[in-house]
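Enquirer: What shape does this take:
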Amino acid sequence: MSRVGKNPVVIPAGVKVSRKDNIISVKGPKGELSLPIHHDVTVELTATEVTVTRSSNVKEHRALHGTTRANIQNMVLGVTQGFKKNLELVGVGYRAEIKSEKLFIALGFSHQLVFFPPTGITLTTGTPTTVSIEGIDKQLVGQVAAKIRSLRPPEPYKGKGVKYDTERIRRKAGKTAKS
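Expert: Sure, this is the predicted structure:
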C-alpha cells in the first residue's frame, strides 16, 4: 500500500469537493481547481474526507495512487492557504519591477526582459531585487518560478543570477595566477 496514498485527505470547513465523471473539483475561499482522475484510480468522497484507492498492485497504479492523493491534497491547501515562492536577483544592476501586471526584469542583458504572468498568478516585488510568486495552483506557481529563474540561472563563480530565496549556490574557486 502506498504510504502517501493510503492517508485520507481531510476537507476543512469552507471547502467543497465534488466529482463529476472523472473530474474532481475543489472550491474554497481563494478559488476553484479541478483535476482529471485516471480511470485506474477510484476516489471516494465523504463529508469530511477524500479517500483514494487503486485497482491493482501494478507499478503504474501504485504511482498513480500516491500522486493522485498528493494532487488532491495540494488542491485543498491551495484553495485555503495558497502557495508562494520567492526569488532573489543577485548581481549589480539586477532588478525587477511590476508595471501594469507585467514583470520587467533587468538581468545584465542589453535590454529589459518582460514576463507576462499566466492567469491565476500574482507577482509582487517587495524590494527591487526580490520577486514573489503567489497562486492557488502549486504546479503553476512552481512552473512560473522556474521559468523566471531560467532567464538567468545563478552561476557558481560569483553567484550572479536569479535564485530561490532558500537556494544555496555552491561556489567554485576561480583561476589562480601562476606564481
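
Enquirer: now the strands: where do they sit in this protein?
Expert: Here the chain has its strands, by DSSP state E, at 9-10, 16-20, 23-28, 31-36, 41-45, 49-54, 83-90, 95-99, 102-106, 113-115, 121-124, 130-135, 161-164.

Enquirer: Just the CA coordinates for stretch 132-148, please, in PDB.
Expert: As requested, the backbone C-alpha atoms of stretch 132-148 are provided in PDB (Å, rounded to 0.1, in the frame of the first residue of the first chain):
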ATOM      1  CA  SER A 132       7.200  36.800  -5.000                       C
ATOM      2  CA  ILE A 133       5.000  34.400  -7.000                       C
ATOM      3  CA  GLU A 134       1.600  33.600  -5.400                       C
ATOM      4  CA  GLY A 135      -1.300  31.400  -6.600                       C
ATOM      5  CA  ILE A 136      -3.600  28.600  -5.700                       C
ATOM      6  CA  ASP A 137      -2.200  26.000  -8.100                       C
ATOM      7  CA  LYS A 138       1.100  24.600  -6.700                       C
ATOM      8  CA  GLN A 139       2.300  23.200 -10.000                       C
ATOM      9  CA  LEU A 140       1.700  26.600 -11.800                       C
ATOM     10  CA  VAL A 141       3.400  28.600  -9.100                       C
ATOM     11  CA  GLY A 142       6.500  26.300  -9.300                       C
ATOM     12  CA  GLN A 143       6.500  26.400 -13.100                       C
ATOM     13  CA  VAL A 144       6.300  30.200 -13.200                       C
ATOM     14  CA  ALA A 145       9.100  30.500 -10.600                       C
ATOM     15  CA  ALA A 146      11.300  28.000 -12.600                       C
ATOM     16  CA  LYS A 147      10.600  30.000 -15.800                       C
ATOM     17  CA  ILE A 148      11.700  33.300 -14.300                       C
END
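
Enquirer: what mean pLDDT does it have?
Expert: In this model, stretch 132-148 has an average pLDDT of 96.

Enquirer: Next: stretch 69-89.
Expert: Computed over stretch 69-89, the average pLDDT equals 95.

Enquirer: Show me what counts as buried in that stretch.
Expert: Across stretch 69-89, burial judged by 16 or more other CB atoms under 10 Å covers 69-80, 82-83, 85-89. To be clear about C-beta, it is placed using only N, CA and C from the backbone, and glycine gets the same treatment.

Enquirer: rewinding a little: TSV for the strands of the chain, including distance to residue 148?
Expert: Output for those, formatted as TSV (distance: least, CB to CB, whole Å):
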stretch	distance to residue 148
strand 9-10	30
strand 16-20	32
strand 23-28	27
strand 31-36	22
strand 41-45	33
strand 49-54	33
strand 83-90	6
strand 95-99	9
strand 102-106	7
strand 113-115	6
strand 121-124	9
strand 130-135	7
strand 161-164	6
